[in-house]
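Enquirer: got a sequence here, can you build the structure:
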Amino acid sequence: MIVDVAFWVSVALIVYAYLGYPAALMALLLVRDRRVTKAAVQPSVSFIITAYNEERRIREKLENTLGQDYPAWRLEIIVASDCSTDRTDEIVGAYPDRVRLVRATERRGKEAAQQLAVQAAAGDILVFSDVATALAPDGISSIVQSFADPTVGCVSSVDRFVDADGTVSGEGAYVRYEMFLRALETRVNSLVGLSGSFFAARREVCRNWATDRQSDFNTLLNAVAMGRRGVLDTASAGYYRNIVDDRREFQRKVRTVVRGIAVLAASARMLNPLRFGLFAWQLLSHKLCRWLVPFAMLAAFASNVLLAPRSTFYLAALLAQLAFYAAAVAGRWTGIGILKLPSYLVVANLAVLIAWVRYVRGERITTWNPSERVTALPQPLHQETT
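Expert: Predicted structure coming up:
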């Protein structure tokens with residue numbers, strides 16, 4: 001009996017995390033649709049670029065930012081150097097009229113460097129972007145339009161991958177799923193997370209900046225705690241190239257989840273529906289349930305092995321699981337399109353499992369090494385910004 005319960009509870013959690021939650025959001029849309037009121041506003045903007053030893057990429061990032069079609073007198077560009085030891089600061093210094101350098105006296109991590117920039121910023125809207133992320137010329141003017149809606153506290157862009165030749169890649173099934181889910185969350189209530197490579201927030205949302213918490217996730221939680229919401233702007237995109245080394249990409253995912261778990265643990269009060277209503281359910285569903293999926297996968301498989309001899313149904317279920325994992329392995333080694341999704345799901349959940357182990361062991365990640373990406377300027381952007 002206990003084994004049966006373990007199997008069905010595990011399967012239910014997996015199905016709910018990936019299918020049940022978006023289905024519930026779609027059902028809510030029938031009675032609740034909070035459309036974002038956008039307008040062609042031009043608030044004062046502080047554009048914050050965080051950098052650590054970025055001498056190879058910082059110039060291209062600055063040129064891309066200076067090429068924005070936003071009014072120069074309304075745009076402040078700040079580079080927050082996390083005590084870089086290469087020529088990053090020197091290169092930034094070559095733009096004294098348009099770019100301001102804020103340098104940390106010691107290396108304390110991305111969020112600590114961002115805090116220095118936040119404290120120095122004068123804009124009503126703060127836009128955060130990574131060095132490896134390129135924007136279209138209308139990137140800033142597009143993302144600030146959602147702030148015409150007084151309920152909006154922060155805005156997330158969408159991620160766009162770029163091939164080595166500079167052309168925008170087709171989106172994978174999982175990326176399309178995530179963007180679909182974020183669009184649903186925006187219409188029903190609020191996002192649960194922002195794209196760390198390119199997002200924007202009202203100045204007051206960034207007032208209580210935490211140097212030991214993942215800035216994109218924590219900014220969203222700050223906005224909700226203040227009675228505002230986070231939304232997705234599908235017209236705003238950050239362009240970047242995939243990390244070529246799969247091992248580095250895997251480690252990046254592990255680090256991201258470790259930091260996300262730390263933020264959720266520090267903000268566990270926001271899981272209380274009596275205080276945070278619908279958002280508490282969203283946070284539980286999108287973050288905690290998703291991060292519990294690897295444990296559910298292990299429990300579902302182990303219990304299924306014990307149950308398989310009991311009935312044809314459980315035997316078929318075990319064979320289906322084995323086929324899924326076989327497809328994941330095949331997809332990892334062959335790269336066949338139809339097998340990429342199961343491969344991605346298994347690898348992503350393995351990263352989450354390792355992240356939990358590292359978190360339970362007491363690991364907390366504050367310092368950072370930027371992802372090994374080349375600043376991604378798609379071909380159309382090259383033509384428009386040169």
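Enquirer: in the stretch 201-350 of the chain, which spans are strands?
Expert: Under the criterion DSSP state E, counting those that start in this stretch, the stretch 201-350 of the chain contains strands at 229-241.
Enquirer: low-confidence stretches in it?
Expert: In the predicted model, the stretch 201-350 of the chain carries pLDDT under 70 at residues 242-245.
Enquirer: the same query, at a cut-off of 80, please.
Expert: Residues of the stretch 201-350 of the chain that meet the criterion pLDDT under 80 lie in 241-246, 335-338.
Enquirer: now swap in the stretch 51-200 of the chain and tell me
Expert: Checking the stretch 51-200 of the chain against pLDDT under 80 turns up 161-175.
Enquirer: please name the residues that touch residue 141.
Expert: Contacts for residue 141 were tallied using Cβ atoms under 8 Å, 6 or more residues apart in numbering; they are 40, 42, 68, 69, 70. Every residue, glycine included, has its C-beta placed from N, CA and C.
Enquirer: and residue 77, which of the three is it?
Expert: strand (DSSP: H, G, I helix; E, B strand; the rest coil).
Enquirer: that one and residue 99, how far apart?
Expert: Residue 77 is 5 Å from residue 99, where distance means Cβ to Cβ, to the nearest Å.
Enquirer: any common contacting residues for these two?
Expert: By Cβ under 8 Å, 6+ apart, the residues touching both residue 77 and residue 99 are 62, 66.
Enquirer: related to what we said a few turns ago, how about the contacts of residue 141 in a markdown table, adding distance to residue 115 and neighbour count?
Expert: Formatted as a markdown table, the contacts of residue 141 follow (distance: Cβ to Cβ, whole Å; neighbours: other Cβ atoms under 10 Å):
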| residue | distance to residue 115 | neighbour count |
| --- | --- | --- |
| 40 | 31 | 9 |
| 42 | 26 | 15 |
| 68 | 24 | 21 |
| 69 | 29 | 13 |
| 70 | 24 | 19 |
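Enquirer: which SS state does the closest residue to residue 258 other than its chain neighbours fall under?
Expert: Nearest residue to residue 258, sequence neighbours excluded (Cβ to Cβ, 6 or more residues apart in numbering): residue 355, at 4.6 Å. Here residue 355 is recorded as helix under three-state DSSP.
Enquirer: any idea how far residue 355 is from residue 217?
Expert: Taking Cβ to Cβ, one finds residue 355 at 14 Å from residue 217.
Enquirer: counting neighbours, what do you get for residue 31?
Expert: Here the count is done by other Cβ atoms under 10 Å, and residue 31 has 7 residues near it.
Enquirer: actually residue 22, sorry about that
Expert: Using other Cβ under 10 Å, the number of residues around residue 22 comes to 18.
Enquirer: ok, the closest residue to it other than its chain neighbours to residue 21 distance?
Expert: Nearest residue to residue 22, sequence neighbours excluded (Cβ to Cβ, 6+ apart): residue 181, at 5.4 Å. According to Cβ to Cβ, residue 181 and residue 21 sit 8 Å apart.
Enquirer: tell me, what's touching the two both at once?
Expert: Counting by Cβ under 8 Å, 6+ apart, the contacts common to residue 181 and residue 21 are residue 286.
Enquirer: between the two, who's got more neighbours?
Expert: More crowded of residue 181 and residue 21, by other Cβ under 10 Å: residue 21, with 21 against 18.
Enquirer: OK, contacts around that one?
Expert: Neighbours of residue 21 in contact, by Cβ under 8 Å, 6+ apart: 181, 285, 286, 289.
Enquirer: how about a cut-off of 10 Å?
Expert: 15, 181, 184, 185, 281, 282, 284, 285, 286, 289, 290 (Cβ atoms under 10 Å, 6 or more residues apart in numbering).
Enquirer: residue closest to the middle of the chain?
Expert: Central residue of the chain (Cα atoms, centre = their mean): residue 195, 3.6 Å from the mean position.
Enquirer: in what helix or strand does it lie?
Expert: Under DSSP states H and E, no helix or strand contains residue 195.
Enquirer: identify the farthest-apart pair in the contacts of residue 141.
Expert: Longest distance between any two of those is 15.0 Å, between 40 and 68; criterion Cβ to Cβ.
Enquirer: returning to what we had before: in the particular helix or strand that has the residue nearest to residue 22 in it, what's buried?
Expert: Using DSSP H and E, residue 181 sits within helix 173-188. Residues of helix 173-188 classed as buried: 175, 178, 181, 182, 183, 184, 185, 186, 187, 188 (neighbour count, 16 or more other Cβ atoms under 10 Å).
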